[in-house]
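# no letters, just coordinates:
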């Protein structure tokens, strides 16, 4: 296990219309007021099988939440509490990305963990190869 | 400028090959309501949005659509990668094989190649954003058709997720549309483009 703290309900008390990080990511929608299900289908309850998947899943959750808030902020740029939450999510995303890249290799082309041979960007698995995924 | 992240926006892990489904699904890659058309539509329209809100929203949603192209492509790749030539023939993908082998290629479900005629840019923000709202609704409907065509939970999961993204994007475009419409109504000048260049910028 890695040394990071991930609160599924992270700072959400300021914005009750938001789903928590797990539910929002599983749904593909952070905003409960916009959520609309199809027939009786339920979103997949994503679960990690190992430490790497757990880290990638947490990173994906918080990154998705930040993206969702960014779309909202594009249209509501003066919303203080949403902006604060956006920054909390982005900071957590940076922290988790750093932990992941240090341990498993670069996710981003500007990663600081591309400093050893063999060049890590070409190593490892690509996202469309199933074992990479959660 | 765009930067690549070496992960999918939402996980795709399909264990069972299904060539029929791959054939249907490809329309969300290269069909008229697909993700490639969506990305190109928004990333072309963004330059002539009348203010920074529109530029920001179209840039951010257009960028997200690039990640959706990657998800759909991954689904098609995983559904087809273990197929034999016999199986491809049986599923009607022999015509695809003749030209592309098992490589990805953006077409609709009938094999019609992608064309930029699938989207428009008019320079008129209300016209462009109306198209964007319609595009999101059509993509949602196609995702529902695709969900109806499969029983594989590994396929349904990402399709439900992508469908939900269409709903969020539709609502964001609707907000932007209403915001511009209101701005236009409160202005005396008679056309949006006059208004854009004289007052908005």
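Thanks, I have it. Given the structure is predicted, the values throughout are model-derived calculations rather than measurements. Residues are numbered from 1 along each chain as shown, chains lettered A, B, ... in the order given.
# in chain A, which ranges drop under the pLDDT threshold?
Within chain A, the segments meeting pLDDT under 70 span A:1-2, A:11, A:131-134.
# and the helices in it, which stretches?
A:21-27, A:51-75, A:80-104 (DSSP state H).
# can you put those helices in JSON lines and add mean neighbour count?
Yep, even glycine has a C-beta here, placed from its N, CA and C like the rest. Shown next, in JSON lines, are those (neighbours: other C-beta atoms under 10 Å in any protein chain shown):
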{"stretch": "helix A:21-27", "mean neighbour count": "21"}
{"stretch": "helix A:51-75", "mean neighbour count": "21"}
{"stretch": "helix A:80-104", "mean neighbour count": "17"}
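# who wins for proximity to chain B among these?
helix A:51-75 (4.1 Å; C-beta to the nearest C-beta).
# does that closest one reach chain B?
Yes: using C-beta under 8 Å from any C-beta of the partner chain, helix A:51-75 reaches chain B at A:56-57, A:59-60, A:64, A:67-68, A:70-72, A:74-75.
# tally of neighbours for the one residue in chain A that gets nearest to chain B?
Nearest to chain B, among the residues of chain A, is residue A:28, at 3.5 Å (C-beta to the nearest C-beta). Look at residue A:28: counted by other C-beta atoms under 10 Å in any protein chain shown, it has 23 neighbours.
# near chain B, which residues of chain A?
A:25, A:27-29, A:31, A:34-36, A:38, A:41, A:43-44, A:46, A:56-57, A:59-60, A:64, A:67-68, A:70-72, A:74-75, A:77, A:106-110, A:121, A:126-128, A:130, A:132-134.
# again, only this time at 6 Å
A:27-29, A:34, A:36, A:38, A:41, A:43-44, A:70-71, A:74-75, A:107-109, A:127-128, A:130, A:133-134 (C-beta under 6 Å from any C-beta of the partner chain).
# how many residues are close by the closest residue in space to residue A:58 that isn't next to it in sequence?
Distance criterion C-beta to C-beta, 6 or more residues apart in numbering or on different chains; nearest residue to residue A:58, sequence neighbours excluded, is residue A:6 at 5.1 Å. Neighbour count for residue A:6, taken as other C-beta under 10 Å: 18.
# OK, contacts around residue B:139?
B:33, B:166 (C-beta atoms under 6 Å, 6 or more residues apart in numbering or on different chains).
# quick check: the gap between it and residue B:120.
Here residue B:139 is placed at a distance of 16 Å from residue B:120 (C-beta to C-beta, to the nearest Å).
# please apply the same query to residue A:6.
Relative to residue B:120, and taking C-beta to C-beta, residue A:6 is found at 43 Å.
# can you check residue B:148 too?
Separation of residue B:148 from residue B:120 (C-beta to C-beta) stands at 29 Å.
# the two - which one has more neighbours?
Set residue B:148 next to residue B:120 and count neighbours by other C-beta under 10 Å: residue B:120 wins out with 13 against 10.
# state the helix or strand in which that one lies.
Counting by DSSP states H and E, there is no helix or strand that carries residue B:120.
# residues contacting it?
residue B:131.
# tally up the residues packed near residue A:34, please.
Neighbour number of residue A:34 under other C-beta under 10 Å is 17.
# pretty sure it sits against residue B:169.
No: counting by C-beta atoms under 6 Å, residue A:34 stays clear of residue B:169, with 10.1 Å between them.
# okay, and the common contacts of those two?
By C-beta under 6 Å, 6+ apart, no residue touches both residue A:34 and residue B:169.
# could you check the angle helix A:51-75 makes with the host helix or strand of residue B:160?
Under the criterion DSSP H and E, the helix or strand holding residue B:160 is helix B:153-185. Angle, helix B:153-185 to helix A:51-75, by axes from the mean of the first three to the mean of the last three C-alpha atoms, to 10 degrees: 20 degrees.
# packing partners for helix B:153-185?
Counting contacts by 3 or more C-beta pairs under 6 Å, 6 or more residues apart in numbering or on different chains; DSSP states H and E, helix B:153-185 packs against helix B:52-80, helix B:125-148.
# so which of those is nearest residue A:21?
helix B:52-80 (18.0 Å; C-beta to C-beta).
# for stretch B:14-24, which positions count as buried?
B:14, B:17-19, B:21-24 (16 or more other C-beta atoms under 10 Å in any protein chain shown).
# what's the pLDDT at residue B:152?
Note for residue B:152: predicted pLDDT of 98.
# what do you get for the one 3 residues further on?
The predicted local confidence for residue B:155 comes out at a pLDDT of 98.
# tell me how many other residues crowd residue 41.
No chain in the question, so chain A it is. 15.
# hmm, no, I was thinking of chain B.
23.
# nearest residue to it in space, please, no chain neighbours.
Nearest non-adjacent residue to residue B:41 (C-beta to C-beta, 6+ apart): residue B:119, at 3.9 Å.
# and for chain A, the residue most distant from the center?
In chain A, counting by C-alpha atoms, centre = their mean, residue A:117 sits farthest out from the average C-alpha position, at 28.6 Å.
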